[in-house]
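> Model the structure of this input:
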Amino acid sequence: MSARIPDAADLRGRFVGRLVVVEPLAVEHEAGLFDAAQEGELFRWMPLSIADSPAQLHDWVQRSLEASRTRGEVPFTVLDAATGLPIGSTRFLEIRLEHLRVEIGWTWMARRVWGNGHNVEAKLLLLSHAFEHVRCRRVEFKTDARNERSRGALLALGATFEGTFRKHMVVRDGSSRDSAYYAIIDDDWPRVKALLQTRLAAIARDP
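Coordinates of the predicted model:
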């Protein structure tokens, strides 16, 4: 008898770490997410900005929840574990679990937590769930090929650059975007997990 194929419901959950809590996106997070979104040009490379008004962010939350219902995306709010306040968002998308493959994307964090380990721990929690509980064989990431900060962060995460999809998307100003693709596969996971745990331990030791 063949093994059961997982589905999007298996990717959902609430994941608790030392620095962050990653929990399903909800309308109750809107005010906190809007506050977090005000900290600089967080959405320069995103398909749209959600920082201009509470109404704009509300529409994004509604569209995200609709995508969860109709396209199987799994959006999350990232909370600061110490305060319980929203500091950003991320999600599973492009879910192809018949191939044991998923993407992590639409990730953004308030500037005040950059470099403090919050994004690293959020990724560790999601990757651990994808590889160890859902038994994915591949987790993908993509970013605008011009976004050097994001590309550097993905390499630091332990992901492997796999190439560039030219004219892959149409962005806000109507121009074409090349997308740089990165991935972690299950063979990489023990090494990547150890790397992320070491990074978090080093942050914890910093005064």
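
> Need the pLDDT of residue 30.
For residue 30, the model assigns a pLDDT of 96.

> What's the separation between it and residue 160?
If you measure residue 30 against residue 160 using CB to CB, to the nearest Å, the figure is 36 Å. C-beta coordinates here come from the backbone N, C-alpha and C atoms, glycine included.

> next one: residue 39
In terms of CB to CB, residue 39 sits 30 Å off from residue 160.

> Look at those two and report which has more neighbours.
Shown here are residue 39 and residue 160; by other CB atoms under 10 Å, residue 39 has more neighbours (17 against 13).

> A strand includes residue 184, no?
Yes: counting by DSSP: H, G, I helix; E, B strand; the rest coil, residue 184 is part of a strand.

> Secondary structure element for residue 21, which one?
strand 20-24 (DSSP states H and E).

> immediately after that strand, which helix or strand?
On the C-terminal side of strand 20-24, the nearest following helix or strand under DSSP H and E is helix 30-36.

> what packs against that next one?
Other helices and strands packing on helix 30-36, by 3 or more CB pairs under 8 Å, 6 or more residues apart in numbering; DSSP states H and E, are helix 54-70, strand 86-96.

> and with 10 Å instead?
If contacts are counted by 3 or more CB pairs under 10 Å, 6 or more residues apart in numbering; DSSP states H and E, helix 30-36 sits against helix 54-70, strand 74-80, strand 86-96, strand 101-109.

> what does that helix contact?
25, 29, 42, 50-58, 60-62, 77-80, 83-89, 108-113 (CB atoms under 10 Å, 6 or more residues apart in numbering).

> how about that helix: buried residues?
Buried residues in helix 30-36, counting neighbours by 16 or more other CB atoms under 10 Å, are found at 30, 32-34, 36.

> Which pLDDT value goes with residue 40?
What the model reports for residue 40 is a pLDDT of 65.

> same deal with residue 61?
If you check residue 61, the pLDDT there is 96.

> That one and residue 195, how far apart?
Going from residue 61 to residue 195 by CB to CB gives 33 Å.

> For those two, work out which one has more neighbours and name it.
Between residue 61 and residue 195, counted using other CB under 10 Å, residue 61 has the larger neighbour count: 22 against 16.

> State the distance from that one to residue 112.
Going from residue 61 to residue 112 by CB to CB gives 21 Å.

> Give me the buried subset of the contacts of helix 30-36.
Buried members of those, counted by 16+ other CB under 10 Å: 25, 29, 42, 50-51, 57-58, 60-61, 77-80, 86-89, 108-110, 113.
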